[in-house]
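**Student:** pasting a predicted model and its sequence here:
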Amino acid sequence: MNDLSDIRRGAFAPGNSADMAEALVLETGLRVDETRRRGRGTAMNVSGRYETLAREAEDDGWNTLEDLEPFKTEVQVEKPRSIISRNDSPDIPFDRSVNPYRGCEHGCVYCFARPTHAFMGLSPGLDFEAKLFAKPDAAKLLERELAKPGYKVKPIAIGTNTDPYQPIDKDWRLMRQVIEVLKAADHPVMIVTKSALVTRDIDLLAPMAEKGLVKVGLSVTTLDRKLARLMEPRASTPSKRLEAVRALAEAGIPTSVLVAPIIPALNDHEIERILESAKTAGASEASYVLLRLPLEVSPLFRDWLLRNYPDRYRHVMSLVRSMRGGKDYDAEFGKRMKGAGPYAWQIGRRFDMAARRLELNTTRRALNCDLFVPPLGMGVQLSLL
C-alpha cells in the first residue's frame, strides 16, 4: 500500500486500479473542500517534495475547517538578480527565456511547471495557482543584460514556464514592459500563451513583426468549453484564443497554434478540428505536445481525472503509460514531448497529415537576429568613448 510520500511524488504502481488510487487520496485527506477552492484547477495542496513535514487539514471536532478562508490569489514581489534563464536542452528550439511571473493563476491541472513551486517551499497544488510571484524589475534587468558586452543575440522565448499573460498581468503589465525593451533593441522574441490578453500589445508586436522579430503561439487544448473550464479554469475560453489568433494574424504577426497537451482518450479526438479552426483563424504554423506528468503533476492530474472523469481513469492512464515506457512520465530528451510506442506514433501521424492537408508549417519563418542594437537606457553604464 502506497504511503503519503508515494502519493506526493506520484509513485503509484502501473497495475493499481482506479479504486486503489482514489482510496489512497481519500484516506490521506489530501483534497481541499470544494467551497475553498472554487475556480481552481486542482483539489489538493500537498507539501512540496523538499519539505521535511507533510501538512494535512484535519477537523479537530470543533468544525474548525469551516473557518478556513477560501484560496485567494496572492501576489508577492520577487527580486531576482537576473531575468534571462539559459538552457541547453536538445529538444526545444530556444536556449534562453524570460519569465516575468512565478506560478500561474490559469490553474491548468496538467501544467508541467507546477513542480517548480516546490523550490519556494510551496505546494505545486493550489499554492501554484494562488500564491504567485511577480518580478517588477523584469524589464530593467532585461535591459541591463542585453546591454552587457559580448551579448550574442538569439530569440528569447517567453511563456515557456508560466503564462506571461495570466490574469494578474492586467494590473502588473510586466509583459508589456518587457516587450517595450525588446522592441527598442530590435531583439527577436517568441511568445507562448493561453490568454487573449496578448492582443493588448498588438501595437508593439505588429511593428516588430514587420522586421521579422516576433512570433506568437496560442495554446489550444480543446474546443470543448466545458472541458477547458475543468482543466484550465482561469485561462481564456477556446473561442477567445481563436479570436486572438485571428486578431494577431490580421495585424501581420506570424501566429501558430499549439495543440498542447494532447491527452489520450480525453482530447486527442479533437486534433483535426483544432487545426482546422486554427487555419481558419489565420494561423500559419502548428505543433503539439503530449501530456507530461513529472513529479507532483502526476498525482494532481490523476486525482482530477478521478473527480471529473472516473469512468475514463483506467483507460486514460493506461494509454499514457503505454507511451511512457510503462510509467506516468519519461523525461528522456527526444521522448518527453512526443512519447513513444504505437499510440504516440498514431497521434504524430494524425497531426502531420492534418497539418499537411491544411497547408500549415509549409514555411517556418526564422526570426531576424541581425537588427539588434544594445540598449542604452536606465541602469546601463554608458561608454566613456
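**Tutor:** Looks like it arrived, so ask away. Numbering: from 1, shown residues only.
**Student:** what does the lengthiest strand in the chain rub up against?
**Tutor:** Of all segments of type strand in the chain, defined using DSSP state E, the longest is strand 255-262. With contact meaning CB atoms under 8 Å, 6 or more residues apart in numbering, strand 255-262 is reached by 110, 192, 215-221, 245, 248-249, 268, 270-271, 274-275, 278, 281-292, 347, 351. No exception for glycine: its C-beta is placed from N, CA and C like everyone else's.
**Student:** beyond that strand, next helix or strand please.
**Tutor:** helix 271-281 (DSSP states H and E).
**Student:** V32 against M44, yeah?
**Tutor:** Yes: counting by CB atoms under 8 Å, V32 does reach M44; the two are 6.7 Å apart.
**Student:** any common contacting residues for those two?
**Tutor:** What both V32 and M44 touch, as defined by CB under 8 Å, 6+ apart, is the set L126.
**Student:** G282 and A249: what is the separation?
**Tutor:** From G282 across to A249, the span is 3 Å (CB to CB, to the nearest Å).
**Student:** pLDDT-wise, which helix or strand of the chain ranks last?
**Tutor:** When each helix and strand of the chain is scored by mean pLDDT, DSSP states H and E, helix 4-9 comes last, with a mean of 47.
**Student:** which other helices and strands contact the longest helix anywhere in the chain?
**Tutor:** Longest helix in the chain by number of residues (criterion: DSSP state H): helix 342-357. When contacts are defined as 3 or more CB pairs under 8 Å, 6 or more residues apart in numbering; DSSP states H and E, helix 342-357 sits against helix 271-281, strand 285-290, helix 313-322.
**Student:** with distance to V373 and mean pLDDT added, can I get the ones you listed in a markdown table?
**Tutor:** Shown next, in a markdown table, are these (distance: least, CB to CB, whole Å; pLDDT from 0 to 100):
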| stretch | distance to V373 | mean pLDDT |
| --- | --- | --- |
| helix 271-281 | 34 | 98 |
| strand 285-290 | 28 | 98 |
| helix 313-322 | 47 | 97 |
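**Student:** of the ones you listed, give the one that comes closest to L358.
**Tutor:** When those are compared by CB to CB, helix 271-281 sits nearest L358, at 4.5 Å.
**Student:** send the alpha carbons of that closest one over as CSV?
**Tutor:** The C-alpha coordinates for helix 271-281 follow below in CSV (Å, rounded to 0.1, in the frame of the first residue of the first chain):
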residue,chain,number,x,y,z
ILE,A,271,-6.6,17.2,-33.1
GLU,A,272,-8.0,17.7,-36.6
ARG,A,273,-10.8,20.1,-35.5
ILE,A,274,-8.4,22.3,-33.6
LEU,A,275,-6.0,22.5,-36.6
GLU,A,276,-8.9,23.3,-38.9
SER,A,277,-10.1,26.1,-36.6
ALA,A,278,-6.5,27.4,-36.3
LYS,A,279,-6.1,27.6,-40.0
THR,A,280,-9.5,29.3,-40.4
ALA,A,281,-8.4,31.9,-37.8
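**Student:** off-centre distance for the longest helix of the chain?
**Tutor:** Offset of helix 342-357 from its chain centre (CA atoms, centre = their mean, to the nearest Å): 23 Å.
**Student:** next one: stretch 194-201
**Tutor:** With CA atoms, centre = their mean, you get 15 Å for stretch 194-201.
**Student:** in that stretch, what counts as buried?
**Tutor:** The neighbour-count criterion (16 or more other CB atoms under 10 Å) identifies 194-201 as the buried residues of stretch 194-201.
**Student:** cool, and stretch 354-369?
**Tutor:** If you call a residue buried by 16+ other CB under 10 Å, then stretch 354-369 has these buried ones: 354-355, 358, 360, 367-368.
**Student:** those residues into JSON lines, with extra columns for pLDDT and distance to R173?
**Tutor:** As requested, the buried residues of stretch 354-369 are exported to JSON lines (pLDDT from 0 to 100; distance: CB to CB, whole Å):
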{"residue": "A354", "pLDDT": "98", "distance to R173": "37"}
{"residue": "A355", "pLDDT": "98", "distance to R173": "35"}
{"residue": "L358", "pLDDT": "98", "distance to R173": "35"}
{"residue": "L360", "pLDDT": "98", "distance to R173": "32"}
{"residue": "L367", "pLDDT": "97", "distance to R173": "24"}
{"residue": "N368", "pLDDT": "97", "distance to R173": "26"}
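**Student:** in the residues you listed, find the pair that's most separated.
**Tutor:** A354 and N368 (29.8 Å).
**Student:** how about residues contacting stretch 94-102?
**Tutor:** Contacts of stretch 94-102 (CB under 8 Å, 6+ apart): 78, 83-88, 116-117, 120, 132-135, 138, 142, 154-158, 160-164, 166, 168-169, 172, 174-175, 178, 190.
**Student:** any idea which element the nearest residue to S277 once chain neighbours are set aside lies in?
**Tutor:** Sequence neighbours aside, L242 is the residue nearest to S277 in space, at 5.7 Å (criterion: CB to CB, 6 or more residues apart in numbering). Element membership for L242 (DSSP H and E) is helix 238-250.
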